[in-house]
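>>> Sequence first, then the predicted structure, then my questions.
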Amino acid sequence: MKFTNPHLFADSAPLPRRHRVLIALYALELGRQSRTEILTVNDVTEADLAEFQADWLRMRRRRRASAA
């Protein structure tokens, strides 16, 4: 399966790095692609993931709390 980098479409504004990282973290959780592919498609690094992981965990806790 071939994926395109979603923040490079000419007709849309580029996604901020934080948003690309959050998308990558959700994709990693799903486990449908390799880690390398997810990082490449979202144009993020392991350091980016580490930087925004706390934000992602906070969002997940909020989502679970509101679902309960």
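On my side now, so go ahead.

>>> Quick check: mean pLDDT of stretch 43-55?
Averaging pLDDT along stretch 43-55 yields 96.

>>> Report the buried residues of it.
Neighbour counts over stretch 43-55 (16 or more other CB atoms under 10 Å) mark 43-44, 48-49, 52 as buried. C-beta here means a position set from N, CA and C on the backbone, and glycine is covered the same way.

>>> do the same with stretch 29-48
Under 16+ other CB under 10 Å, the buried positions of stretch 29-48 are 33, 38-39, 41-44, 48.

>>> try stretch 60-68
Buried residues in stretch 60-68 (16+ other CB under 10 Å): none.

>>> residue boundaries of the helices in the chain?
17-30, 35-42, 46-67 (DSSP state H).

>>> So which elements touch the helix-or-strand element of the chain with minimal mean pLDDT?
When each helix and strand of the chain is scored by mean pLDDT, DSSP states H and E, helix 46-67 comes last, with a mean of 89. With contacts defined as 3 or more CB pairs under 8 Å, 6 or more residues apart in numbering; DSSP states H and E, the packing partners of helix 46-67 are helix 17-30.

>>> What about the nearest residue to residue 33 once chain neighbours are set aside, how many residues nearby?
Leaving out its chain neighbours, the residue that sits closest to residue 33 by CB to CB, 6 or more residues apart in numbering is residue 27, at 6.2 Å. Using other CB atoms under 10 Å as the criterion, residue 27 is surrounded by 18 other residues.
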